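Trainee: Provided below for reference: sequence and predicted model.
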There are 2 protein chains.
Amino acid sequence: MKNKLKRILLGKPLKTSALKGERLGILWGLPILSSDAISSVAYAGQEMLLVLIPAVGVAAYAQMSILSGCIIGLLIVLMISYRQTIECYPAGGGAFIVAKENLGNIAGMVAGAALVVDYILTVAVSISSGVEQITSAFQYLKPYSVTIAVALVLVLMLGNLRGIRESSKMFGIPAYAFILGILILIGGGAFKLMSGYVPAEPDYAKPLGTITLLLMLKAFASGCTALTGVEAVSNAVPNFKEPSTKYAKTVLLLLSMIILVLFGGTSVIANYYHVIPGNNGAMLILIAEEIFGHSFFFYYITATTFIILILAANTAYSGFPMLIAVMAKEKYAPQQLSMRGDKLSYDNGIIVLSLISILLIVLFKANVTLLIGLYAVGVFISFTLSQTGMFMKWIREKSSNWHYKAAVNGFGAVLTSVVVVIIAFAKFEEGSWIVIILIPIMVFLQKKIYTHYIAVREQLKIKGSEYEALDFSKLEYQNKIIVPLGSVNKASVRALRYANTICDNVVAFNVALDEEGASEIQEKFNQLNINIPLVVKLSPYRKVVEPLLRYIESSEYDYEPGDIITVLLSRFVVKKWWHRVLHGNTVSFIEKKLLTHKHIVVSTMPLQLKDDLECLNHCKKA
Amino acid sequence: MKNKLKRILLGKPLKTSALKGERLGILWGLPILSSDAISSVAYAGQEMLLVLIPAVGVAAYAQMSILSGCIIGLLIVLMISYRQTIECYPAGGGAFIVAKENLGNIAGMVAGAALVVDYILTVAVSISSGVEQITSAFQYLKPYSVTIAVALVLVLMLGNLRGIRESSKMFGIPAYAFILGILILIGGGAFKLMSGYVPAEPDYAKPLGTITLLLMLKAFASGCTALTGVEAVSNAVPNFKEPSTKYAKTVLLLLSMIILVLFGGTSVIANYYHVIPGNNGAMLILIAEEIFGHSFFFYYITATTFIILILAANTAYSGFPMLIAVMAKEKYAPQQLSMRGDKLSYDNGIIVLSLISILLIVLFKANVTLLIGLYAVGVFISFTLSQTGMFMKWIREKSSNWHYKAAVNGFGAVLTSVVVVIIAFAKFEEGSWIVIILIPIMVFLQKKIYTHYIAVREQLKIKGSEYEALDFSKLEYQNKIIVPLGSVNKASVRALRYANTICDNVVAFNVALDEEGASEIQEKFNQLNINIPLVVKLSPYRKVVEPLLRYIESSEYDYEPGDIITVLLSRFVVKKWWHRVLHGNTVSFIEKKLLTHKHIVVSTMPLQLKDDLECLNHCKKA
């Protein structure tokens, strides 16, 4: 039943070999890897305006242009830096790998923690922004924003558990459609202005202040979210056709140019069409409404923006479980997360990512402005670690042109680390403090996990000299079996017979509540007339495990240190699930307690019960 | 840690022999067994008024007096009937036992179901009424009614898990204090009236209708809750000193007289002091306020009423788990419920009772009027079954005076069954339909459970001829061991050595994801240089259990039907609880799957891991 439902919801399992999908060229590589980066056009500019407009009114638009220019400069630096990373890491150069290899374990853990935060926020922010786009076009959906956002995360979760693959070409088309839509918006807006249209000046209601440095920094920090996702290409180098580094570098260049055009273009258009995002709706949708009214293009832009944001969230679904699996392989995360589920997707990671994202969406009411305070810090911490790692690599390896290369990555590292400080400071109250506290905690946990796995490995390792000492023909210890029984019945007889075949030293054991019960079971046991002793212990406390352990440790039981005692338990296996409730979990409970004892092996002998009615009919006949 | 916390919260475990506490005389037996019955004075009269006042205004008080008279008549019939039950069942004559013995299994199950409903509602109604008393005196607590009620149930739950004993004399004093309080209320009220005080006539606001039969029946049904708890004495006969039946009969007589005085007296007083219970507060508290103002007696009556209601709820905490345990012994309920916890209290029953009561309190917002619709049906169904059972007993046994005795119980049976129909009909919309649906469902479940346990017993029973056939010296089957291993390490070597000592036929088994992994483990295994074969299977689906079962069933493995295969699993036992998260539950999962196979015994060999840091320090030294 359960398995069938799982199959219907999640589809057939995939073989490991199905993992190697088609390789990407530029035509499809560009859109598939760009959704996270280009979709930020939907919120980065708007969030700058949301910081500036309440404070300085119409002056906000000019300030946004200046800040957009700075961010585009930052983009160009990152692009040049990451092209170097691509060249050095043809197997994929995520911040985690680059930091760990060049800066050591702790830096790797910090990068891992920052990336985990990054992926979770990619889902929460992109989905929330996607919902904001639709509720801007269809205002009556606004009260249901959180519900819609949570539902979308659940759809992504199920889809990814089923095994949607990001590399499918189907995922490339919406990116082109979105790029086309924004170009139409920019072009249409410019055309309308040239035709003599004068946008109405909105009311800024409140008395306005002046531009302060803190205000500019806050707006800049919000705008930096435009750069999230540019590292995606460097992670995905092995997904490209050969020569993969060349293809990847070209795609990164093209991607940067597209962001430049889209982000820059929308900033310029926003500068003319003075829309006020916020309660009225999302910036892109408001501009589209003013330019096109409720015509086809308006709906086209709404739809493509929505879809690209959902796809951006979806990129985290392939990135996050992969990152966690890599971290788990390095012993920084629980090992179960490194195992692929039966759909070639990392099920555990997908579920964790979804649940935390849903939590964030609910806590922050699917509000992009509230969530964005947490977003950019993690991203820029990983940028900084990646750049610093590359810088150290050049310094150490001193390959050809290393001076130039080290200068590029060094400059990138300095620039991004300054941005980290700016964001952490400017957005401190808005949420960056959460990330700043969270990352050290996550690093601490990773260290603990790492230590544990190393300790386990050391304990299990067979050393050279120990191989030679292995001699199975020599009996090093005695085997003894104890068969606890509640009453004398077919199940206990079956267990005793089994015990008798594997060992000469068998003892049956019973815990009785009182003298009467003790003599009753002893009498029944004697009727069996077998050559096995029964030990009965009274337990006024009605406990089972303690008297057994006490008996083993007592002088009554002939136990030599080193001997292994097998405790054989009989367990009912029932036909119907609800029958399980009727038999309790005493066996599991006893097993758990006994296993803390070093020299006890717990054996469970199943007794398959027949169907109730079948048995009763049969028994009557017999 | 967990155990320590449990001890602090729940106290030391008690021995079975501590069960036999002091026996009760009349002085303490009366108050201890009466709290449930006398506490209903706090709500029974009030709930009649709440039905009548909105419909007929001031006329309600006179009608209440008439109905109270009927209920007192019913009380007298019940008292005489139950004195006969006490005589016949000196070991305790609950409705379940009486119905099962005299009317058969199904009647027993119906009585059991009705009593379960009764106990749960005793908790929900008494606690809700208790809270209503305090919030009447301290109106500002009203918004927190549900929270306070839930907290009180939790306190009772913890207290009873710790092992409060109802029979403690401490529980007798509040009953006398409450009786005294109500007598003061009645006396004080009478005195004030005689001193010439004329209570103000309240405003009945709405236009008023006339008395209808349905209205009277509804009010009567509410008032019948005054009789809940009178059966308590007949359940508790063995708790009395010898001659216990004589003591019990006297206590029942006294109890009935007390109810008569308290219930009748408050009805009369309410008839003069025309208070309107409901939003203003509880009837008793309103009357006390009018008579005494906010003086000492007002607070005394509030406090004692509150305490007696909490004690009434507490009686269910000893009754319910005891009932469930008796039902479990008769195989009508899961066997685990028949076991005493380590505090001589039936822990599982206590927890179930608390959780369902809390659910009801939350659903019905701790509102007595809403809850009361469900209450009396169950109580009167159990009365009817008990009376009918006694009637059948006299008819069948034909002992001395049987005509008279049968007449008494027969009359009781007819009367109570009429009341069942009245309550079920009059309170149908108010909730009795829930109970009417619930009881058959519960009977169905009990039948299913009973059938299952009988079927299990039949399957386990060793028949006479089978005893003779037992011969352990004859080897009936082959034993084989399979040791699944994930890698070659100390744990797997330890498991192989153990397997080797108990059996000659050992196979090591590994599931590899690919050819590479397969040859790698084979190579390492060969280095061990032991005389055990390793079978490696490829599993592209990354499953473990399926390849193992396929291998066992294949011709490759030499399995003869009847042979028992022991699958030996190695399991880490970690020092810190959170380390468990780091090792997953693969072993439990495999165990669960394998145990559905008839001839597989699953053995678990623990490997105690050392503390991480201790191990790492040690390993470095070595």
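Mentor: In hand now; what should we look at?

Trainee: residue of the stretch 301-450 of chain A with the smallest distance to chain B?
Mentor: At 4.2 Å from chain B, A:Gln336 is the closest residue in the stretch 301-450 of chain A, using C-beta to the nearest C-beta. Yep, even glycine has a C-beta here, placed from its N, CA and C like the rest.

Trainee: and that residue, how many neighbours does it have?
Mentor: Neighbours of A:Gln336 under the rule other C-beta atoms under 10 Å in any protein chain shown: 17.

Trainee: Where does A:Thr210 sit: helix, strand or coil?
Mentor: coil (DSSP: H, G, I helix; E, B strand; the rest coil).

Trainee: Need the pLDDT of the residue lying closest to it once chain neighbours are set aside.
Mentor: In this structure, A:Thr210 finds its nearest non-sequential neighbour in A:Val56, 6.8 Å apart by C-beta to C-beta, 6 or more residues apart in numbering or on different chains. The score at A:Val56 is 84. That number is its pLDDT.

Trainee: Is A:Val56 in contact with A:Ile211, as I believe?
Mentor: Yes - under the criterion of C-beta atoms under 8 Å, A:Val56 makes contact with A:Ile211 at 5.6 Å.

Trainee: Name the residues contacting each of these two.
Mentor: Common contacts of A:Val56 and A:Ile211 (C-beta atoms under 8 Å, 6 or more residues apart in numbering or on different chains): A:Gln63.

Trainee: What residues does A:Gly104 make contact with?
Mentor: For A:Gly104, the contact set (C-beta under 8 Å, 6+ apart) is empty.

Trainee: wait, doesn't A:Phe572 sit right on B:Val456?
Mentor: Yes - applying C-beta under 8 Å as the test, A:Phe572 and B:Val456 come out as touching, 7.2 Å apart.

Trainee: Quickly list what's touching both of these two.
Mentor: A:Leu609.

Trainee: Compare those two and say which one has the larger neighbour count.
Mentor: Shown here are A:Phe572 and B:Val456; by other C-beta under 10 Å, B:Val456 has more neighbours (24 against 19).

Trainee: Could you count how many residues lie near the residue lying closest to that one once chain neighbours are set aside?
Mentor: Excluding its sequence neighbours, the residue lying closest to B:Val456 (C-beta to C-beta, 6+ apart) is A:Leu609, at 6.1 Å. Around A:Leu609 there are 20 other residues, counting by other C-beta under 10 Å.

Trainee: Over to A:Val435?
Mentor: Quick note: A:Val435 (other C-beta under 10 Å) scores 24 neighbours.

Trainee: Spatially nearest residue to it (excluding sequence neighbours)?
Mentor: The shortest distance from A:Val435 to any non-neighbouring residue, by C-beta to C-beta, 6+ apart, is to A:Val377 (4.7 Å).

Trainee: A:Val56 and A:Ile211: which is more packed in?
Mentor: Taking neighbours as other C-beta under 10 Å, A:Val56 and A:Ile211 compare with A:Val56 leading, 19 against 15.

Trainee: ok, that one - contacts?
Mentor: A:63, A:208-211, A:215.

Trainee: A:Lys218 now?
Mentor: By C-beta under 8 Å, 6+ apart, the residues touching A:Lys218 are A:51, A:426-427, A:430.

Trainee: Same question for A:Lys241.
Mentor: A:23-25, A:247.

Trainee: of those, closest to B:Ser603?
Mentor: Nearest to B:Ser603 out of the contacts of A:Lys241 is A:Arg23 (C-beta to C-beta; 48.2 Å).

Trainee: which is the next helix or strand following the helix or strand of chain A with the lowest mean pLDDT?
Mentor: Of all helical and strand segments in chain A, the minimum by mean pLDDT, DSSP states H and E falls on helix A:2-10, at a mean of 55. Next helix or strand after helix A:2-10 toward the C-terminus (DSSP states H and E): helix A:26-39.

Trainee: what helices or strands is that following helix leaning on?
Mentor: Judged by 3 or more C-beta pairs under 8 Å, 6 or more residues apart in numbering or on different chains; DSSP states H and E, helix A:26-39 is in contact with helix A:105-137, helix A:173-194, helix A:232-235, helix A:244-272, helix A:296-329.

Trainee: What would the strand or helix carrying A:Thr566 look like as PDB? C-alpha coordinates only.
Mentor: Per DSSP H and E: A:Thr566 is located in strand A:564-573. Output of strand A:564-573 as PDB, limited to C-alpha atoms (Å, rounded to 0.1, in the frame of the first residue of the first chain):
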ATOM      1  CA  ILE A 564      29.200 -13.600  24.100                       C
ATOM      2  CA  ILE A 565      25.700 -14.100  25.300                       C
ATOM      3  CA  THR A 566      22.900 -14.300  22.700                       C
ATOM      4  CA  VAL A 567      19.500 -13.300  23.900                       C
ATOM      5  CA  LEU A 568      16.900 -14.900  21.700                       C
ATOM      6  CA  LEU A 569      13.600 -13.100  21.600                       C
ATOM      7  CA  SER A 570      10.400 -14.300  19.900                       C
ATOM      8  CA  ARG A 571       8.500 -11.600  18.000                       C
ATOM      9  CA  PHE A 572       5.000 -11.700  16.500                       C
ATOM     10  CA  VAL A 573       4.800 -10.700  12.900                       C
END
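
Trainee: mind listing what that strand pairs with, with the direction of each?
Mentor: When pairing is defined by DSSP bridges, strand A:564-573 lines up against strand A:479-484 (parallel), strand A:600-608 (parallel).

Trainee: could I get those strands as a markdown table with mean pLDDT and mean neighbour count?
Mentor: Converted to a markdown table, those look like this (pLDDT from 0 to 100; neighbours: other C-beta atoms under 10 Å in any protein chain shown):
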| stretch | mean pLDDT | mean neighbour count |
| --- | --- | --- |
| strand A:479-484 | 90 | 22 |
| strand A:600-608 | 85 | 22 |
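
Trainee: how about the ones you listed in CSV, adding distance to B:Asn489?
Mentor: CSV is the format used below for the strands paired with strand A:564-573 (distance: least, C-beta to C-beta, whole Å):
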stretch, distance to B:Asn489
strand A:479-484, 22
strand A:600-608, 18
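
Trainee: Which of those sits closest to B:Phe240?
Mentor: For these, proximity to B:Phe240 was assessed by C-beta to C-beta; strand A:479-484 is nearest, at 39.9 Å.
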